[in-house]
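Enquirer: My questions concern the predicted model and sequence given below.
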2 protein chains.
Amino acid sequence: MSNFRNFKMVDYVVYGRGSFNQLNDILAPHRKENQPIVFLVDNFFEDKELVARIPVQGDDKIIFADVTYEPKTTYVDAIADSLKDEFGMVSGIIGIGGGSTMDLAKAVSLMMNNPGSAADYQGWDLVKHPGVYKAGVPTLSGTGAEVSRTTVLTGPTRKLGMNSDFTPFNQIILDPELPAGAPANQRFYTGMDCYIHCIESLTGTYLNEFSKSYGEKALELCRYIFLEKAAWDAECDDKLMMASYAGGMSIAYSQVGVAHAVSYGLSYLLGTKHGIGNCIVMQHLHEYYPQGVDEFKRMVEKGGIEIPKGICEGLSEDQFDTMINVALGMKPLWENALGKDWEKIMTREKLRELYGKL
Amino acid sequence: MSNFRNFKMVDYVVYGRGSFNQLNDILAPHRKENQPIVFLVDNFFEDKELVARIPVQGDDKIIFADVTYEPKTTYVDAIADSLKDEFGMVSGIIGIGGGSTMDLAKAVSLMMNNPGSAADYQGWDLVKHPGVYKAGVPTLSGTGAEVSRTTVLTGPTRKLGMNSDFTPFNQIILDPELPAGAPANQRFYTGMDCYIHCIESLTGTYLNEFSKSYGEKALELCRYIFLEKAAWDAECDDKLMMASYAGGMSIAYSQVGVAHAVSYGLSYLLGTKHGIGNCIVMQHLHEYYPQGVDEFKRMVEKGGIEIPKGICEGLSEDQFDTMINVALGMKPLWENALGKDWEKIMTREKLRELYGKL
C-alpha cells in the first residue's frame, strides 16, 4: 500500500502590492508580554528605506542577517542563544529577505523551543517541539522557501534541512513591491531557481497530479516573464512571486534533480549560493534536460546575464571528491531524475567530468 | 491604504489514489479519550463499499447526511445537539461527500464549540471559538468546499455561510479514486461549478495575480477534461480533483459572479442544488460571459448532458420577487461581475426576465 505525504501548509497567506504595510496588524495578536518580536532582515537592506517600514515596538529587535553564505547551523545556534540570553523568550521571528534569510528565520524559530544545536535536527522529522510564531516575507522570488517544510542549512557534516511539520511558516506576506529593488542578476538567479526546479520536477519520476498542476503553472509564469516579456516591469514581479509560491508548493509530491544535486556540492565546498550554483550547473545538463537547457540558455541570453565560469579551476582531487560525495548523497534527487537505477547512470567519473567543466 | 485578505489555509493536504486508506493513521493523533470520531457521510454511500473502509473504532459514529437539499442551519444544529447529548464532546468531525456534506461537517465542527444556533454565525467573522478537529474528504470534484473558509447554509432568513478563519478544514484527503463511481450527470454539474466559478472570477473586477494563477490553472484543467478528452478516465478524476482545489484557492482574492448570484435565488426558493442551478442559469448569460457561455454549451453537448428546463414555470410573482431579493442581496458578486455601478445594469426587471427563462 502506497503512502502519500501529508503536506503541512503555511497557515496564513496574504498577497498584494503594499501588503507589507499590514505586518503590524498581522503581528499584533501574536505579541506576548515582555517577549519582543525579532525581525531577521537580509543585510542587503541595512541602508534601505524598507527598514523604516518595519513595525518595531518596545523591545523588538532587528537583526541584519549575514547571508553572504547560505546559513550554517552554527549561525542559527548563535542567534537563538543570544536571543535566549537577552530576552529569555521571544514572541516571534520574522524573516524578511531571500531564501537564506527565510530559512534562517524558520530555523531560529525552531531552536527557540528545541534543545541542543540545529545540527541535531538536520534530517526528516527530527524536530520535537513547535517553534515560536514565525512569518516569512520574501524580498526575492524563486526559492519557494516561503512555503517549504525545510530550512536548508550547512552543518558540521552535511548540508541538509530541518525538515518537519513544525518548519513551515505560520504566516507569509507576499508583497510583489518588495523585490522591485533587487539587482537584476540576483533577481535572475533566484528566478531560475524556480525555473530549474520546475524542469527537474516535471521531468522527474516522482510527480503526481498535485505537483504537476503547481509545477506547470510556475513554469508557464517563468516562460512568460523570462522569454515573452520585452522588459522587466511590475507585472513580472507580480507573476514571479506567484511562480515561486507555486514552484514551492509543487515540491509536495515531487523532487528536484540533477542541477540541485550537483549544485549542493558547490555550495558545500565553495559556499556558492544556491541560485547562481544552479545556473552554473544547468547549462551543462543538456544530456538530462535537453529542452529545459535550451530554453534556459535563451533566458540567460535574453536577460543579458553573465554566468560565472571556471569556479572549479585549480581545485584538488580531494576537493572534487568532497563535492562528488555531497552530490551523490542526495539519493532522492537522483532517483527522481534518473530512476531506480541511477547509480549505474551517474558514476563518480561522470560527476568528476561534470564538476571539471564548471 | 488598501487591505488585502489574510487567507487561512487548510492545515494539511494529502493527495493520491488510495490516500483514503491513510485516514486511520491520520486521525490517530487527534483521538481523545472517551470522545469518538464522527463521520458525516453523503447518504449516496449508504449501500456502497466505501462505508466498510471508514476506520470506525470504539464509540465512533457514522451519520449518513441527507443532502437532498443543501444544508440548513436547523440541520447543523440538530446534528451538533444530538452529538452533545450522546457524547458530551467528540474528537473530530469528518465530512465524506460532495460540497454539501463537507460544508455540513465544517459547520457541525464549529457548533460543537460555539453556543446558540448556526444561524447566529451566518456572515463574516462571527464565529468566536475554533471548532473540533475537522477533516474533509471530497467524493465529488468541483465545489472547492474542501479549501474554502465558508460553509454555505440556508438559514431562517438567508442563504449565507459561516465565513471565518475557524472554518477551513484541519485536514483534507484528496483521493481521486473516490469520485469514480459518481453518476455522470452529477459529476458534470459539480465539475461545472468549478468551470463557471473560474469564468466568473477571471472576468471579474476583483482579481489579482494570486487568484488569477489558480483560476487559470483550474480553467485549463476543466477545458482539458470537458473538451479535449475523448472519454472519461482516471486522468479526468485526477485532474478534476486538482481543478476543484485550485478553483477553491482562487476565491482567496476573487469572487464569483452573475451565475452564482442568480443560482442562489433558485436554491433559496426551490432548493435547487448549487451545481445544477449554476448550469441552468449559465446557458442564459451570454450577455455577461459570451466566450464562457459558448464554451460551456460545447461542454454540455460533448458530455451529452440534459439540463433541466422550465423550473420557474408556474411560479407566482411573489416567488419571483423572493428569488430577485435573494440574488440582489449578493452585492459583492454583482460588484465583481459588473463593477461599482452594477445596480444600474442589473435591474429587478432584467432579473425577472432572466428568471422567467429558466
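Expert: Arrived safely.
Enquirer: Let me see the ranges of the strands in chain A.
Expert: Remark: strands assigned in chain A by DSSP state E are A:7-8, A:12-15, A:37-42, A:61-65, A:92-97, A:123-124, A:133-138, A:162-163, A:171-174.
Enquirer: Which one, of these, ends up nearest to residue A:259?
Expert: Residue A:259 sits nearest to strand A:162-163 of all the strands of chain A, at 19.9 Å, using C-beta to C-beta. Using the backbone N, CA and C atoms, a C-beta is placed for each residue, glycine as well.
Enquirer: Adjacent strands (with direction) for that closest one?
Expert: strand A:123-124 (parallel) (DSSP bridges).
Enquirer: what's the spacing between the partner strand and its chain's center?
Expert: 16 Å (C-alpha atoms, centre = their mean, to the nearest Å).
Enquirer: repeat for stretch A:3-21
Expert: Taking C-alpha atoms, centre = their mean, one finds stretch A:3-21 lying 15 Å from the centre of the chain it belongs to.
Enquirer: Dump it to PDB, restricted to CA.
Expert: The C-alpha atoms that make up stretch A:3-21 are tabulated as PDB, following Å, rounded to 0.1, in the frame of the first residue of the first chain:
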ATOM      1  CA  ASN A   3       1.700   6.100   1.400                       C
ATOM      2  CA  PHE A   4       1.300   9.700   0.300                       C
ATOM      3  CA  ARG A   5       2.900  12.500   2.100                       C
ATOM      4  CA  ASN A   6       0.600  14.500   4.300                       C
ATOM      5  CA  PHE A   7       1.700  18.000   3.400                       C
ATOM      6  CA  LYS A   8       1.700  20.700   6.100                       C
ATOM      7  CA  MET A   9       0.600  24.000   4.600                       C
ATOM      8  CA  VAL A  10       1.600  27.500   5.700                       C
ATOM      9  CA  ASP A  11      -1.200  28.800   8.000                       C
ATOM     10  CA  TYR A  12      -1.900  32.200   6.500                       C
ATOM     11  CA  VAL A  13      -1.100  33.800   3.200                       C
ATOM     12  CA  VAL A  14      -1.600  37.500   2.200                       C
ATOM     13  CA  TYR A  15      -0.800  38.500  -1.300                       C
ATOM     14  CA  GLY A  16      -0.900  42.100  -2.700                       C
ATOM     15  CA  ARG A  17       1.100  45.200  -3.600                       C
ATOM     16  CA  GLY A  18       1.700  47.000  -0.400                       C
ATOM     17  CA  SER A  19       0.600  44.100   1.900                       C
ATOM     18  CA  PHE A  20       3.900  44.600   3.800                       C
ATOM     19  CA  ASN A  21       2.100  47.600   5.400                       C
END
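Enquirer: How about that stretch and chain B, touching?
Expert: Yes: on the criterion C-beta under 8 Å from any C-beta of the partner chain, stretch A:3-21 is in touch with chain B at A:3-16, A:18-19, A:21.
Enquirer: and the nearest residue to residue A:225 once chain neighbours are set aside, how far is that from chain B?
Expert: Closest residue in space to residue A:225, ignoring its immediate chain neighbours: residue A:236 at 4.9 Å, by C-beta to C-beta, 6 or more residues apart in numbering or on different chains. Using C-beta to the nearest C-beta, to the nearest Å, one obtains 11 Å as the distance from residue A:236 to chain B.
Enquirer: re earlier: any chance of the strands of chain A in JSON lines, with mean neighbour count too?
Expert: Shown next, in JSON lines, are these (neighbours: other C-beta atoms under 10 Å in any protein chain shown):
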{"stretch": "strand A:7-8", "mean neighbour count": "20"}
{"stretch": "strand A:12-15", "mean neighbour count": "22"}
{"stretch": "strand A:37-42", "mean neighbour count": "25"}
{"stretch": "strand A:61-65", "mean neighbour count": "18"}
{"stretch": "strand A:92-97", "mean neighbour count": "28"}
{"stretch": "strand A:123-124", "mean neighbour count": "14"}
{"stretch": "strand A:133-138", "mean neighbour count": "27"}
{"stretch": "strand A:162-163", "mean neighbour count": "24"}
{"stretch": "strand A:171-174", "mean neighbour count": "24"}
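Enquirer: can you put the ones you listed in CSV and add mean pLDDT?
Expert: Shown next, in CSV, are the strands of chain A (pLDDT from 0 to 100):
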stretch, mean pLDDT
strand A:7-8, 96
strand A:12-15, 98
strand A:37-42, 98
strand A:61-65, 98
strand A:92-97, 98
strand A:123-124, 92
strand A:133-138, 98
strand A:162-163, 95
strand A:171-174, 98
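Enquirer: Nearest to residue A:214, out of those?
Expert: strand A:7-8 (11.1 Å).
Enquirer: Adjacent strands (with direction) for that closest one?
Expert: Next to strand A:7-8 in the sheet, as set by DSSP bridges, lie strand B:12-15 (antiparallel).
Enquirer: now the strands of chain A in TSV, with distance to residue A:266?
Expert: Shown next, in TSV, are these (distance: least, C-beta to C-beta, whole Å):
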stretch	distance to residue A:266
strand A:7-8	29
strand A:12-15	32
strand A:37-42	21
strand A:61-65	21
strand A:92-97	21
strand A:123-124	22
strand A:133-138	23
strand A:162-163	21
strand A:171-174	28
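Enquirer: Chain A against chain B: which residues are in contact?
Expert: A:1-16, A:18-19, A:21-22, A:26, A:171, A:174, A:176, A:208-210, A:213, A:216-217, A:221, A:238-239, A:241-242, A:245-246, A:252-253.
Enquirer: Let me see the ranges of the helices in chain A.
Expert: A:23-27, A:73-87, A:99-111, A:184-202, A:209-223, A:234-250, A:258-270, A:274-282, A:290-303, A:317-328, A:331-338, A:342-345, A:348-357 (DSSP state H).
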